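**Q** Fold the following, please.
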Amino acid sequence: MPPNPSLRALKLRTPQHALGRRFASHGAPHFNEPSGWLFGEKPLPPGQKRVKEDWENIWYIGMFGSMAVAAVLLYYKPDTSIQTWALKEAKQRMEARGEKYKYEPPSS
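**A** You can find the predicted model right below:
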């Protein structure tokens, strides 16, 4: 099938600026360009202290506080393993039958 001449003419007349570039951002970069300094902060002159931003203390308290709470919760987490359940169930069944579940070596 030969190409339609009207489609070819339309393709030739489309201006390049209407098509846009083939970049995802369509223009200048939308991020902080690398400056070569750690976190983009220039080193302070000797004798000066870095001033913390307002959000930094909240972030430290939230991050390390949640880690501490998670550690306490994991430490006191109930034992839900299948081995613990099976041992408890076996002891109950053996006691119900009147058997000993602890090994006692015979006295010589």
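**Q** Distance of Gly98 relative to Ser107?
**A** Distance, Gly98 to Ser107, by C-beta to C-beta, to the nearest Å: 21 Å. Every C-beta, even on glycine, is put in place using the N, C-alpha and C of the backbone.
**Q** Show me what counts as buried in the helix or strand containing Tyr60.
**A** Following DSSP states H and E, one finds Tyr60 within helix 54-75. Across helix 54-75, burial judged by 16 or more other C-beta atoms under 10 Å covers no residue at all.
**Q** can you give me the helices for this protein?
**A** All helices of the chain, identified by DSSP state H, fall at 5-13, 16-19, 54-75, 82-97.
**Q** how about the ones you listed, which one is nearest Asn32?
**A** helix 54-75 (17.3 Å; C-beta to C-beta).
**Q** quick check, distance from that closest one to the centre of its chain.
**A** Between the centre of helix 54-75 and the centre of its chain there are 15 Å (C-alpha atoms, centre = their mean, to the nearest Å).
**Q** Format the helices of the chain as JSON lines; extra columns: distance to Glu33 and mean pLDDT.
**A** Formatted as JSON lines, those follow (distance: least, C-beta to C-beta, whole Å; pLDDT from 0 to 100):
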{"stretch": "helix 5-13", "distance to Glu33": "37", "mean pLDDT": "58"}
{"stretch": "helix 16-19", "distance to Glu33": "26", "mean pLDDT": "56"}
{"stretch": "helix 54-75", "distance to Glu33": "23", "mean pLDDT": "97"}
{"stretch": "helix 82-97", "distance to Glu33": "56", "mean pLDDT": "94"}
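**Q** Rebuild these as JSON lines, extending it with distance to Trp37.
**A** JSON lines is the format used below for those (distance: least, C-beta to C-beta, whole Å):
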{"stretch": "helix 5-13", "distance to Trp37": "49"}
{"stretch": "helix 16-19", "distance to Trp37": "37"}
{"stretch": "helix 54-75", "distance to Trp37": "18"}
{"stretch": "helix 82-97", "distance to Trp37": "54"}
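**Q** Geometric centre of this structure: which residue is closest?
**A** With distances taken as C-alpha atoms, centre = their mean, Met63 lies nearest the centre of the chain, 12.8 Å away.
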